[in-house]
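Asker: This is a predicted model, with the sequence first.
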Amino acid sequence: MIKPFFSIITTCLNRKGFIETAIQSVLAQNYDNLEHIIIDGGSTDGTLEILKKYPHLRVVSEPDDGVYDAFNKGITLAKGQIINFVNSDDRWGKVPLQEIEAEFLGNPALEVITIDAGIYEYGSAGNWVRKKYLPALEGGEQFFNGLKGRGPAINAWFIHRELFDRIGVFDNFYKISADYDFCLRAVIMNARVRPLDIEAYHYLAHAHSLTFNTDHKKIASAITENLSIVDKFLSKENLETYQREYLRKRVRSLLLKIIYRKIRLAHPIGIINAVSRYIRSLR
């Protein structure tokens with residue numbers, strides 16, 4: 001048996017109030033065939049003192065160029081065959097690590113296993129309540145069908161390191177949505193994906209979350225970056241018909257979201273530009 005088989009990567013910056021939950025959720029699996037790598041961006045709030053309580057962690061603390069730069073650092077350091085990302089303000093549920101390991105060992109061509117995820121909010125009773133369910137995504141055409149109304153949930157992906165060797169790591173040009181870029185790249189390049197229907201990743205929505213931000217300006221920036229990613233893939237010539245169809249629909253969907261945000265931000269030039277492009281996209 002390869003040790004460690006799994007490399008779990010957590011990136012953080014000043015997450016004193018959350019990171020212990022993430023760490024303990026991994027420890028709670030009682031599974032010793034993994035390593036947990038923490039890539040810290042130089043925390044000053046007491047996060048590093050918390051990390052010192054857990055000697056099993058591999059901790060790197062230094063300035064970085066954002067979360068995707070930190071992801072890539074973790075991938076470089078990882079010793080395991082299978083890589084997963086646990087956000088510093090999220091947690092694992094009960095993850096079927098033995099089943100995932102057996103699936104990979106039994107199918108050497110397999111590159112990704114996806115699991116179900118849930119988005120949780122803190123309830124009035126003082127507990128985390130699931131508000132949205134994100135089923136595990138399949139590969140190929142089913143991937144694009146499954147993306148409707150949701151993101152790809154990269155944290156619910158267990159990725160064989162050979163896929164990073166084949167298609168590259170996260171593109172740090174994108175500061176908000178490089179995970180979306182990576183997932184599209186993986187599926188368009190025919191990554192071999194198998195879903196497991198079990199909810200094992202918990203996204204915890206809160207006021208300081210990078211994922212569940214409610215600031216209109218930040219949301220508009222994220223949507224605009226998603227649009228640039230879709231435009232990049234649409235410019236490629238070797239797309240399947242269903243892939244091109246999805247991407248064209250995605251352009252229109254993102255433009256409508258940009259129009260809404262620009263209206264909320266009272267940005268007339270942005271509204272005009274987005275409406276103009278939306279009309280062109282209908283032709």
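Answerer: Sure, I can see it. Values in this document were obtained by computation on a predicted structure and should not be read as measured data. Numbering: from 1, shown residues only.
Asker: C-alpha from now on. contacts and neighbour counts both.
Answerer: Noted.
Asker: mind listing what residue 123 touches?
Answerer: residue 129 (CA atoms under 8 Å, 6 or more residues apart in numbering).
Asker: Check which helices and strands the helix or strand residue 70 falls within is in contact with.
Answerer: Here residue 70, judged by DSSP states H and E, is contained in helix 67-77. If contacts are counted by 3 or more CA pairs under 8 Å, 6 or more residues apart in numbering; DSSP states H and E, helix 67-77 sits against strand 6-12, strand 34-40.
Asker: how about 10 Å then?
Answerer: Helix 67-77 sits against strand 6-12, strand 34-40, strand 58-61, strand 82-85, helix 161-167, helix 178-188, with contacts defined as 3 or more CA pairs under 10 Å, 6 or more residues apart in numbering; DSSP states H and E.
Asker: Please parse the protein into its domains.
Answerer: By the assignment in automatic domain parsing, the chain contains the domains 6-205, 216-281.
Asker: how long is the shortest one from one end to the other?
Answerer: Right, domain 216-281. Taking CA to CA, to the nearest Å, domain 216-281 runs 24 Å from one end to the other.
Asker: Stretch 226-246: how far from the chain's middle?
Answerer: The chain centroid and the centroid of stretch 226-246 are separated by 20 Å under CA atoms, centre = their mean, to the nearest Å.
Asker: Skipping its backbone neighbours, what lies nearest residue 189 in space?
Answerer: residue 167 (7.6 Å; CA to CA, 6 or more residues apart in numbering).
Asker: Of all the helices and strands packed on helix 67-77, which one is nearest residue 209?
Answerer: Nearest to residue 209 among these is strand 6-12 (11.7 Å), distances taken as CA to CA.
Asker: re earlier: among the domains of the chain, which is the most enclosed?
Answerer: For those, average neighbour numbers computed from mean count of other CA atoms under 10 Å are highest in domain 6-205, which has a mean of 18.
Asker: Regarding that one, how distant is the last residue from the first?
Answerer: With CA to CA as the measure, what separates the two termini of domain 6-205 is 26 Å.
Asker: Looking at that domain now, give me its mean pLDDT.
Answerer: The average pLDDT within domain 6-205 is 95.
Asker: What separation is there between residue 31 and residue 111?
Answerer: Distance from residue 31 to residue 111, by CA to CA: 22 Å.
Asker: tell me, what residue is most central in this structure?
Answerer: What sits nearest the mean C-alpha location of the chain, by CA atoms, centre = their mean, is residue 154, with 3.0 Å.
Asker: mind listing what that one touches?
Answerer: Residues near residue 154 by CA atoms under 10 Å, 6 or more residues apart in numbering: 84-86, 114-115, 179-180, 182-183.
Asker: ranges for the strands of the stretch 151-283 of the chain?
Answerer: Along the stretch 151-283 of the chain, the stretches classed as strands by DSSP state E, counting those that start in this stretch are 157-160, 193-205.
Asker: Sheet partners, orientation included, of the longest one?
Answerer: Right, strand 193-205. Strand 193-205 sits in its sheet next to strand 91-92 (antiparallel), strand 112-122 (parallel), going by DSSP bridges.
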